[in-house]
Structures are given as C-alpha cells and as structure tokens.
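Engineer: after the sequence you'll find the predicted model.
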Protein chains: 2
Amino acid sequence: MTEPGSAYRKQLEAALAFMNEGDDFLVVSHVQPDGDAISSTVVVGWLLGKLGKRYVLLNESDLPSRLRFLTLADTIQHFDEQAPPFEFTRVISIDCADYKRIGTVSSSFPPGTKLLNIDHHPTNDSFGSVNVIRSDAAATVEILYDLIEHAGIALDRDAATAIYTGLMTDTGGFRYANTTPHVMSIAAELLKLGVKGNDLADHLLEKMTRPQLMLLQRGLSRLSFSEDGKIGWLYITPADLEETGADPEDLEGLVNYARNIDGTEVGMLFKGTQDGQTKVSLRSAGRIDVAAVAQSFGGGGHVRAAGCRLELGLPEAMPKVVDAVRRVLV
Amino acid sequence: MTEPGSAYRKQLEAALAFMNEGDDFLVVSHVQPDGDAISSTVVVGWLLGKLGKRYVLLNESDLPSRLRFLTLADTIQHFDEQAPPFEFTRVISIDCADYKRIGTVSSSFPPGTKLLNIDHHPTNDSFGSVNVIRSDAAATVEILYDLIEHAGIALDRDAATAIYTGLMTDTGGFRYANTTPHVMSIAAELLKLGVKGNDLADHLLEKMTRPQLMLLQRGLSRLSFSEDGKIGWLYITPADLEETGADPEDLEGLVNYARNIDGTEVGMLFKGTQDGQTKVSLRSAGRIDVAAVAQSFGGGGHVRAAGCRLELGLPEAMPKVVDAVRRVLV
C-alpha cells in the first residue's frame, strides 16, 4: 500500500508518533459534520483507545441522527462555550481544510497546542504541527485506514463499519469519480471483516425521512426546463421547509433530480431564505463549468458543482441565473 | 481466486474446453435482457474473438438503449423467426436460469446442439451439456471475469467496462447484499484498467428519461401511507404510461420510493393494465416476508421483493392488498 520511504509513509509515521507521544487528546472535526467527518472522528477515537490513550471526541454541531449508530458516536460531546475546558494536551483535527472549519471549538485550545491535521481536501493549508494531507484520498477515513494498517493494528467490525460509512458517503455510494481502485480494495477488505454494506446503503443512501419525501414531492412538481431541455431547475421556499418540518440538510440531493434528466446539461436548485435572499446550487452534467456561472454572482465551487447567493427573492433570482446559464450554453 | 482442483475451477476448465473445441458459436441470453445479460453477452463475444472463434450474438428482445454504448452491443442480432438459421455448431447460454428464459431463439437450435450454460441464478436447472452455475456470484459477469482470468487472457478497457456494467447493475450500484468482497476486488481491478466508474454510474443509475421523470412526479404525488406509516404505496394507471410516453421498464425503481421512507416496512407499486387487471410489486424493508403476501394472491418472489397480479381494477385491488399486508404486520 504505502511504499517504504515514501512521503506518505513518513507522514503516517509522524502521525503515529504524534499519537504515541501524547496522553490526552481532543479529537475534533468540522462544523455541520457529514458522514466522513463523524466516521473519521470515531475511528480516531477507536485508534486512540487501542493505543491506550485518553481522549475526548468533540464537535461544535449536533450529531446527524443518521450517524448515531456508529461505534463511539454517542460519546461525541457537543461543544458548549460555557463548559469547563477539557483536560487535553494535544489536538487531532480531522477532515478540516483549515482552522476555521473546526468552528468555535478551537477557542478552547490553549495557545501553542500541538495539533495533528489529517485531511483529504486539496485546499488544506497545513495548519497543524503535524500534517497528513492526501488530496487523492476519496475520504479522510481512507487515510485513517492506511494509518491503522501502517500501525499494524487489526480492525474490528465496528471500526470497519465506520470506515465503510465514510467511504460510502464521500463517494456517493461508490459512484463519484473519487472511487479509485484503492477505495474499492479497502471496501473489499472491510466487507471481509463483516461489514453489512447492504444495511449501510439502505440506511445512509436509500432511506428518506417523511420531510425529505415531502420536499421531493414539492420540488419535483415544480421542475422546469428551458425550451431545449438543457437547463432544469426547481425551487424550495422558506414555507416549504416550515410546513414539511424539514431541515436545510434535507435539501441535499434534490438538485440532482434536475441535473440527472436525459439531455440536461445544467441542473439548479433555488432555495429562498427567510430574509428574502436566494441560495443557488448548480450542477453540471460535465460540459458546462458551473463554477464560472456561480462566480459571476459572487459564488464559487467546482466545475461540476457550485453555488452562489443572490440578494434577491426567488421570482427575481431564478430568471437571472437561468439566463446566465443560457448564455454559457450558447 | 479459484483454488486448484476445486469444483468451480473444474467447471471453468470445462467451459474453456467447450469454447476451444468448437468453431462456430451462437451466444444467447434471456428475453428482456438487463445490464448483466447484455454485458455477459458481449463479454462472451469478446472472449470468443480472443480465442479466434466465429460467433453470433443473439437476443429475442430489443437491446435496451442505455446499453448501446457497450463494446460489440451493436453486433447483437435481433432474433427473427423468419430469418435463415445461423451457421453454428455450439450454443452458449448466459444468465438464463432455464431453457425457457432463452425465449423463441431456442427454436433455431438443431436437436442435440451442445450447449454451455453459464449463470448465477440459484434456481438454474443445469440444462446445458456443460454447466457453470455459481449462485454466490452477484452477476454472470463475475463468473466471466473468473473465466477470463483462468484462461490467462488480459482484459482490455472495453471488456472491463462491460464487466463493470454487469456488476454495477446487478448489485444496484454496489448496494445490494450480493456486494461481496470478491465483487469489490474485481471492481478495483477493473478500475485499474481505466474503467470510468463515475460515467457508468451517471449513465446507468443516475440518469432519468423525461418519461421516467413524469412517472416519478405522478407516482410520488399519489404516495399514500397507512395510519401507522408502516405501509406505503403508489399507483400508475395505463393512462400514465400513455400520456408520458413511458415504457413499462420505466416503472423500475418506483416502488423503492414507497419502501425507502423512514418507518415504512412494506412499499408497494400498483400498476393498472389496459385490460383492467392490476400488477403489484411488493418490497419489504426486511422484517416482513412479502413473498408470502404475494403468494396469497397467486404470485411469488423473494422475502424482500415479490409480485402478484389481481384480476381486479386499481380501485378494488389496492385496498385488498393493503389489507393483506396490514394483517401480516399485526
């Protein structure tokens, strides 16, 4: 896996040394944590436990309920600025591209705290005293798998399930372009350890809450297309969120229904906010650079997935952005 | 992969011998072919080509348009009973659980034609003169991967793409319980050969035609639940198919929207037919045996996926089947 003497192997060794040399760790990930953030958090906790270390798992945001089943997830503490500081001498930051992503939790770090930064985001600015940055990893759990293998520690089914969860959520169920041979090989090894991939897929990717369903019904009923079918868009109002009892994260994936229709080059989701603004998610089928469109409205992102915010209500914002996409399509 | 001397290895050797000893082959799969059937067909054609054999690929049904991109797919001939018989001395049947699944194509086989039967269905009745039946394989392409590896022939990207397609479609995008470590290891090897897994996932699993979208809109707008939320169902009328221009296969997957809602134990899709009958697809989240319910209406299937047909219109059939599920849920 990791060639002896390679730069990556040296990073893994430094990370292990960082863990072995400390006694009390604070393990943090980013605000509004996703599957990979929480999976990585519990896997680092699991590893520290194997190494006989004391640790506290912490996050600024609440644990997404769908991830409660993960081993150690119930030990992740919710950060409260009023609470007394935890006893720790070292911090491990996981899946955070920069210091700010940790959120207000970082206010509890004494100055000069030694920090191990493990992440897979290409924009990571190496803010740790030790850094393991691997932008070709699909998920941070992929790096942790290599780390645990490198440490010669045998995974059990619980830890394997957490790693599978991180891989599955960050690759869209082994569908995104980051699904490398290495990802699939790790998945094969994890399944050998008894991971129930089918149950995880059902739970993490297939299941929908009733509020999500209601949002999907409303969104789909409003799906509109340009005359040539190359642009598809739908919208969600603040009233939709209120009336369905949905959370903003329930909107995730909705934009794909617009993008995934045959012939559609660009799919968009417009979300009206309470204060009369409009947030736009843009997705490209591949040919069009939607980041450029988003940038023209002060937003940004990637070629195939971008976003922006307009200080306009839905009725004004929608034709404006649709027109901008239309001009790029010509 | 295959231990020397194992029964499976002997089967693979017999299959290779069957190919090596003949000159002219007819390669057939089942009627209404799915991703695995067509992928397997072209992979066998590819292998016969590598072995320097002549072959004709044949299917009773039309090629699903989504699978046209596969190598050799444009050489699959559509069976026409009026056409002159092809010149062949041996038949290879792929992904067919019994002789009948081949369809009317089998009428063109002279009596006593030697037939190699390669399949992964547990109900396969070994109707071939040589049989390679592997019910623990997720897809027939999985067996073909082993066969090609056993033959010591190097896959190219086109053949690898076809095998990935069969694996991806028969495992629901690496989500079903048949997604074994062996499947994931093969997927890793295929990606190494340059298979574009992301493009395949988009094309085969994510994309929706406009008629499919319109069916989804109509179906979702009618999704109903029992008071306790444990039963969810939706229906599609013959007029829906006509007005949207959808094919019956566009209904595939629609039933999952009913099953996948949090708290739903059984999801059902009711399809009204032109002659006033009702076809029912039943899906279980795991606890309830829907095959038993289907059987009580003369249908059948598996514990988690079953179907039946009632000689009643939608308004009469729906409450009858919902009631039957309700009784099982008590």
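Structural biologist: Noted; the coordinates are in hand.
Engineer: SS state for A:Pro110?
Structural biologist: Following DSSP: H, G, I helix; E, B strand; the rest coil, the label given to A:Pro110 is coil.
Engineer: distance of it from A:Asp125?
Structural biologist: 21 Å (CB to CB, to the nearest Å). Every residue, glycine included, has its C-beta placed from N, CA and C.
Engineer: repeat that for A:Asp170.
Structural biologist: From A:Asp170 across to A:Asp125, the span is 20 Å (CB to CB).
Engineer: and the strands in the stretch 151-300 of chain A?
Structural biologist: A:224-225, A:231-236, A:266-272, A:278-284, A:300-301 (DSSP state E, counting those that start in this stretch).
Engineer: quick one: the last one to chain centroid distance?
Structural biologist: Just to be clear, that refers to strand A:300-301. On the basis of CA atoms, centre = their mean, to the nearest Å, strand A:300-301 sits 16 Å off its chain's mean C-alpha point.
Engineer: then the fourth one?
Structural biologist: Shown here is strand A:278-284, whose average C-alpha point lies 18 Å from the average C-alpha point of the whole chain (CA atoms, centre = their mean).
Engineer: give me the contact list for it.
Structural biologist: A:255-256, A:258-259, A:265-273, A:290, A:293-294, A:297, A:299, A:301, A:303-310, A:312-314, A:317-318, A:321, A:325 (CB atoms under 8 Å, 6 or more residues apart in numbering or on different chains).
Engineer: how about the first one?
Structural biologist: The contact list for strand A:224-225, computed with CB under 8 Å, 6+ apart, reads A:Ile231, A:Gly232, A:Trp233, A:Leu234, A:Ile261, A:Thr264.
Engineer: correct me, but the first one touches A:Arg259?
Structural biologist: No: under the contact definition of CB atoms under 8 Å, A:Ile231 does not touch A:Arg259, with a separation of 10.0 Å.
Engineer: neighbour count: those two, which is higher?
Structural biologist: Here A:Ile231 and A:Arg259 are set side by side on neighbour count (other CB atoms under 10 Å in any protein chain shown), and the busier one is A:Arg259, at 26 against 23.
Engineer: look up the pLDDT of that one for me, please.
Structural biologist: A:Arg259 is assigned a pLDDT of 94 by the prediction.
Engineer: just give the nearest non-adjacent residue to it, would you?
Structural biologist: Excluding the flanking residues, the one nearest A:Arg259 by CB to CB, 6 or more residues apart in numbering or on different chains is A:Gly267, at 2.9 Å.
Engineer: tell me, how many residues neighbour that neighbour?
Structural biologist: That count, for A:Gly267 with other CB under 10 Å as the rule, works out to 26.
Engineer: ok but A:Phe88 is inside a helix, no?
Structural biologist: No: under three-state DSSP, A:Phe88 sits outside any helix and is assigned coil.
Engineer: now do the SS call for the residue nearest to it when sequence neighbours are not counted.
Structural biologist: In space, and not counting its chain neighbours, A:Phe88 is closest to A:Leu26: 4.1 Å by CB to CB, 6+ apart. Following three-state DSSP, we place A:Leu26 in the strand state.
Engineer: OK, contacts around A:Leu26?
Structural biologist: A:Tyr55, A:Val56, A:Leu58, A:Phe86, A:Phe88, A:Arg90, A:Val91, A:Ile92, A:Ser108, A:Phe109.
Engineer: for the third one, what is the enclosing helix or strand?
Structural biologist: Taking DSSP states H and E as the definition, one finds A:Leu58 inside strand A:54-59.
Engineer: partner strands of the helix or strand just after that strand and their direction?
Structural biologist: Downstream of strand A:54-59, the first helix or strand assigned by DSSP H and E is strand A:77-78. Paired neighbours of strand A:77-78 in the sheet (DSSP bridges): strand A:54-59 (parallel).
Engineer: ok, which stretches of the stretch 1-150 of chain A are strands?
Structural biologist: Using DSSP E, counting those that start in this stretch, strands in the stretch 1-150 of chain A cover A:24-28, A:54-59, A:77-78, A:90-94, A:114-119, A:130-133.
Engineer: lowest-confidence stretch among the ones you listed?
Structural biologist: strand A:77-78 has the lowest average pLDDT among the strands of the stretch 1-150 of chain A, namely a mean of 89.
Engineer: hang on, the earlier thing: adding distance to A:Ala139, write the contacts of strand A:224-225 out as CSV.
Structural biologist: Rendered in CSV, the data for the contacts of strand A:224-225 read as follows (distance: CB to CB, whole Å):
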residue, distance to A:Ala139
A:Ile231, 32
A:Gly232, 29
A:Trp233, 30
A:Leu234, 29
A:Ile261, 29
A:Thr264, 28
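Engineer: and the residues you listed near chain B, which?
Structural biologist: Among the contacts of strand A:224-225, the ones lying close to chain B by the criterion of CB under 8 Å from any CB of the partner chain are A:Ile261.
Engineer: one step back: now the strands of the stretch 151-300 of chain A as CSV including mean pLDDT?
Structural biologist: Shown next, in CSV, are the strands of the stretch 151-300 of chain A (pLDDT from 0 to 100):
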stretch, mean pLDDT
strand A:224-225, 96
strand A:231-236, 97
strand A:266-272, 97
strand A:278-284, 96
strand A:300-301, 88
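Engineer: for the nearest residue to A:Leu47 once chain neighbours are set aside, give me the pLDDT.
Structural biologist: Distances taken as CB to CB, 6+ apart put A:Ile148 closest to A:Leu47, at 6.0 Å, once the chain neighbours are dropped. For A:Ile148, the model assigns a pLDDT of 98.
Engineer: how far away is A:Ile148 from B:Met184?
Structural biologist: A:Ile148 is 19 Å from B:Met184, by CB to CB.
Engineer: returning to that earlier point: emit the ChimeraX select command for whichever of the contacts of A:Leu26 are buried.
Structural biologist: Listed next is the ChimeraX selection for buried residues among the contacts of A:Leu26, using 16 or more other CB atoms under 10 Å in any protein chain shown:
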select /A:55,56,58,88,90,91,92,108,109
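Engineer: and of the contacts of A:Leu26, the nearest to A:Tyr176?
Structural biologist: A:Ile92 (26.2 Å; CB to CB).
Engineer: residue numbers of the stretch 101-250 of chain A in contact with chain B?
Structural biologist: A:172-177, A:179-185, A:187-189, A:191-192, A:197-198, A:201-202, A:205-210, A:213, A:216-217, A:220-221, A:223, A:229.
Engineer: who's A:Gly307 bridged to?
Structural biologist: Going by DSSP bridges, A:Gly307 forms beta bridges with A:Ser281, A:Gly300.
Engineer: that one contacts A:Gly299, correct?
Structural biologist: Yes: in terms of CB under 8 Å, A:Gly307 counts as a neighbour of A:Gly299; the distance is 5.3 Å.
Engineer: domain map for chain A?
Structural biologist: Domains of chain A are assigned by automatic domain parsing as A:7-206, A:210-329.
Engineer: how about the residue in the stretch 201-330 of chain A positioned nearest to chain B, nearest residue that isn't a chain neighbour?
Structural biologist: Chain B sits closest to A:Ala201 of the stretch 201-330 of chain A, with a gap of 3.7 Å, by CB to the nearest CB. Once flanking residues are discounted, A:Ala201 sits nearest to B:Arg175: 3.7 Å by CB to CB, 6+ apart.
Engineer: and that neighbour, what's its pLDDT?
Structural biologist: 96.
Engineer: you'd agree it is up against A:Asp199?
Structural biologist: No: checked against CB under 8 Å, the pair B:Arg175 and A:Asp199 is beyond contact range at 10.1 Å.
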